[in-house]
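Trainee: here is my input, please return the structure:
(4 chains)
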Protein chains: 2
Amino acid sequence: MGIITIKDIAKALNLSTSTVSRALRGSYEINAETKRLVMEYAERMNYRPNPIALSLKENRSRSIGVIIPEIANNFFSQAINGIESIAYNRGYHVVISQNHESYERELVSTQYLAQRRVDGLLVSLSGESNDLEHFKELQSKGLPIVFFDRVPQDYITHKVTADNFAGAYEGTEHLIQQGYRRIAHLTSPSWLSITYERLEGYKKALQNHGIPIDESYIKYCSHGGMIADEVENAVLELIHHPNRPHAIFSAGDRLTTSCISLIRKEGLRIPDDIAIVGFTNLVSAHLLNPALSAVTQPAYEMGQLATEFLIDLIERPKATIRFESKRLDTRLVIRESSLKSSKNFN
Amino acid sequence: MGIITIKDIAKALNLSTSTVSRALRGSYEINAETKRLVMEYAERMNYRPNPIALSLKENRSRSIGVIIPEIANNFFSQAINGIESIAYNRGYHVVISQNHESYERELVSTQYLAQRRVDGLLVSLSGESNDLEHFKELQSKGLPIVFFDRVPQDYITHKVTADNFAGAYEGTEHLIQQGYRRIAHLTSPSWLSITYERLEGYKKALQNHGIPIDESYIKYCSHGGMIADEVENAVLELIHHPNRPHAIFSAGDRLTTSCISLIRKEGLRIPDDIAIVGFTNLVSAHLLNPALSAVTQPAYEMGQLATEFLIDLIERPKATIRFESKRLDTRLVIRESSLKSSKNFN
DNA sequence: GTGAAAGCGCTAACAG
DNA sequence: CTGTTAGCGCTTTCAC
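Mentor: Here you go, the predicted structure:
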């Protein structure tokens, strides 16, 4: 016996499909005995409602779509676990889609999920996304969207981010306090929110400590580290800078690992020649050589919060909502890669 | 104007839905002019067929389900990219589900995906799965399933794995050639295929080099590293073993990182006190302290191959198939963590 | 060459 | 309390 439907139950019990349907959902208007009969039979035959039929009928799917740049990134995989923890508790399934930092793929994923009638979207923008029309249009048609991590500037909805400014400030200030003054910043595409906020934190820390800002110390990687050459060029430019920086504050898992890798390939030592603090959630940070100082984001909690926002939006669509932009605190973990070296270079 | 349906097109063009349907799929029996009209209008209105309606009608979804232990694992995230690369090219979407090494969650995910009418399943077993009835039942109902990485023993279908035996043999032999003789093995739950195959490779290498096998050097972590205590106990038992091993051959990303972490916490040096080779795809292996020697699997290719098998199964279901078990070669990358130390301990 | 009708599995408005 | 009917979007006989 294959997959069983309401019809099969109805036939077997000599009832109409509607009676069975009502019985299964425990409708008050069904005779207790009939109910029992239906329930028992359904149980015995291991009946499961067809979610596709339900989706078609109700125009929703009890699932939420997640569109992120890359799964193979500690921040995002942690965030996904946070997302799932809330979603499953509240009866939603999670469908994950990667954009691989491409606008095109973000667009395709978005359309696909929308057609699949996900009840809401959780988005962290690709490195290429400046046009947000596809999201705006869906939202205007009633699809709730919550952004997290990489959020758009002028877009009215809930947003969940880490406190990128404060995190970058703290990371940079730590380097300053260690005695470094020539501090570079290796970062993601300039138009991303995380880039801007971290940059501001970095600049502010320098300013507050009377260190002039040198634009040639700031390197953007417009593909967020997806293209090896790009990072390589950026890092090499820093290394061969006439006034080589003594420390680099780098953003993102991939940027940070590539950066470390290149510095070592060039035969320089960390932190003696160049110190590093990464804005990253790398799980293996403490195992790196040297152990990596890192500003980490509460990825799991960010995923959870974003999901709570989203499901609230889904479940009370009519409520007058005051959209929120939540910032969660980052945490600076100091390890060897940023400790003051004995060398005196200032 | 919201989401547009065939009905809307029919109304606008004064045609019947069936004509529109046929026109859209280019049926030969439709007047060229009508076709053009329909196509143009559909294009202009940005019509997209409702995949849910199609799924209901055709009892399939043009998507494949992937059930893996953990996304936050370099091997699996690389495999997913391989899977997606093939799937998208052949017109399938990919739905990812994690089992978090739990049989229960594997079961739930499987049911869910089956109900969602995925056209096939790509599975790497959870660390708890010894009962495979849920897969067998679905397969007997016609749902193609392909296993990869962690595959069941006696189960007739395509399977894709790395050559775990050869990889483990090579890794262990490398340690032996470096002069290590007391070599321990830290591994996953004993009933998993990967565990067995790697264990055999490890043993065979020892045997071939005349080293007796000491069962107390073999530690299974039945939760595959998901439970910190378990790994900790295993590693501590090795470290405090009356004849402390001089090298550990460890399996899996998480096991390996935990192992390194604990050895260092105990104040031992790698490789001087204990050398390490990991059977792992850790992307940051070369950045660890010390750089980690690793047996790596061709994760991307494994994902691709498994997907090709699966889609072939989906698309020619009637064909008499000779099920294959493909083994792909691993690669040993030697780095500092396994280099012969100057100390002489044998 | 085109339309009417049925059906995929389910729910709900409407009748009894 | 239960059955009939219609409809979600689409494809596909079966008629004309």
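Trainee: phi, psi of the residue of chain A found nearest chain B?
Mentor: Of all residues in chain A, the one sitting closest to chain B is A:Asn289 (3.2 Å; C-beta to the nearest C-beta). The C-beta positions use only the backbone N, C-alpha and C, and glycine is treated the same way. Geometry field for A:Asn289 lists phi and psi as phi -120, psi 100, criterion degrees, to the nearest 10.
Trainee: tell me the pLDDT at the nearest residue to it once chain neighbours are set aside?
Mentor: Excluding the flanking residues, the one nearest A:Asn289 by C-beta to C-beta, 6 or more residues apart in numbering or on different chains is B:Asn289, at 3.2 Å. In the prediction, the pLDDT value recorded for B:Asn289 is 89.
Trainee: surely B:Asn289 meets A:Leu288?
Mentor: Yes - using C-beta atoms under 8 Å, B:Asn289 is in contact with A:Leu288, at 6.1 Å.
Trainee: the more surrounded of those two?
Mentor: A:Leu288 (24 against 19; other C-beta atoms under 10 Å in any protein chain shown).
Trainee: any idea how far that one is from A:Ser261?
Mentor: Here the distance between A:Leu288 and A:Ser261 works out to 10 Å (C-beta to C-beta, to the nearest Å).
Trainee: next one: phi and psi at the closest residue to DNA strand C within the stretch 201-346 of chain A?
Mentor: Scanning the stretch 201-346 of chain A for proximity to DNA strand C using C-beta to the nearest atom of the strand identifies A:Glu315 as nearest, at 15.7 Å. Dihedral angles phi and psi of A:Glu315 (degrees, to the nearest 10) take the values phi -90, psi -20.
Trainee: and it, what's its pLDDT?
Mentor: 92.
Trainee: got the contact list for it?
Mentor: Residues touching A:Glu315, when contacts are defined by C-beta atoms under 8 Å, 6 or more residues apart in numbering or on different chains, are absent altogether.
Trainee: same thing with A:Leu287?
Mentor: When contacts are taken as C-beta under 8 Å, 6+ apart, A:Leu287 is in contact with B:Thr257, B:Ile260, B:Ser261, B:Arg264, B:Leu288, B:Asn289.
Trainee: give me that answer again for 7 Å
Mentor: Residues near A:Leu287 by C-beta atoms under 7 Å, 6 or more residues apart in numbering or on different chains: B:Thr257, B:Ile260, B:Ser261, B:Leu288, B:Asn289.
Trainee: and which of these is nearest B:Arg48?
Mentor: The nearest member of those to B:Arg48, counting by C-beta to C-beta, is B:Thr257 at 44.4 Å.
Trainee: so what pLDDT did the closest one get?
Mentor: Per-residue confidence for B:Thr257 comes out at a pLDDT of 94.
Trainee: what does the one 4 residues further on give?
Mentor: In this model, B:Ser261 is scored at 93, pLDDT.
Trainee: swap in A:Ser129?
Mentor: Here the pLDDT value assigned to A:Ser129 is 79.
Trainee: tell me who's in contact with it.
Mentor: A:Ser129 makes contact with A:Tyr103, A:Glu106 under the criterion C-beta under 7 Å, 6+ apart.
Trainee: try 10 Å this time
Mentor: Under the criterion of C-beta atoms under 10 Å, 6 or more residues apart in numbering or on different chains, the contact partners of A:Ser129 comprise A:69, A:99, A:101-103, A:106-107, A:123, A:135, A:150, A:152, A:189, A:191-192.
Trainee: likewise for A:Arg264?
Mentor: If a contact means C-beta under 10 Å, 6+ apart, then A:Arg264 has A:Ile270, A:Ile274, A:Asn289, B:His286, B:Leu287, B:Ala291 as its contacts.
Trainee: I figured the first one was touching A:Leu262, is that so?
Mentor: It refers to A:Ile270. No - using C-beta atoms under 10 Å, A:Ile270 is not in contact with A:Leu262; the gap is 11.0 Å.
Trainee: so for those two, which sits in the more crowded spot?
Mentor: Ranked by neighbour count (other C-beta under 10 Å), A:Ile270 and A:Leu262 place A:Ile270 first, with 23 against 19.
Trainee: separation between A:Val123 and DNA strand D?
Mentor: When distances are taken as C-beta to the nearest atom of the strand, to the nearest Å, A:Val123 and DNA strand D turn out to be 25 Å apart.
Trainee: find the nearest non-adjacent residue to A:Ala79, please.
Mentor: Taking C-beta to C-beta, 6+ apart, and ignoring the residues beside it in sequence, A:Ala79 has A:Gly303 as its nearest neighbour in space, at 3.8 Å.
Trainee: just the pLDDT for the one you found.
Mentor: According to the predicted model, the pLDDT of A:Gly303 comes to 98.
Trainee: do A:Ser342 as well
Mentor: Per-residue confidence for A:Ser342 comes out at a pLDDT of 53.
Trainee: then A:Gln153?
Mentor: In this model, A:Gln153 is scored at 89, pLDDT.
Trainee: just the one 4 residues further on next, same as before
Mentor: Per-residue confidence (pLDDT) for A:Thr157: 95.
Trainee: so it is in which element?
Mentor: In this assignment (DSSP states H and E), A:Thr157 forms part of neither any helix nor any strand.
Trainee: where does it sit relative to DNA strand C, distance-wise?
Mentor: Here the criterion is C-beta to the nearest atom of the strand. By it, A:Thr157 lies 28 Å from DNA strand C.
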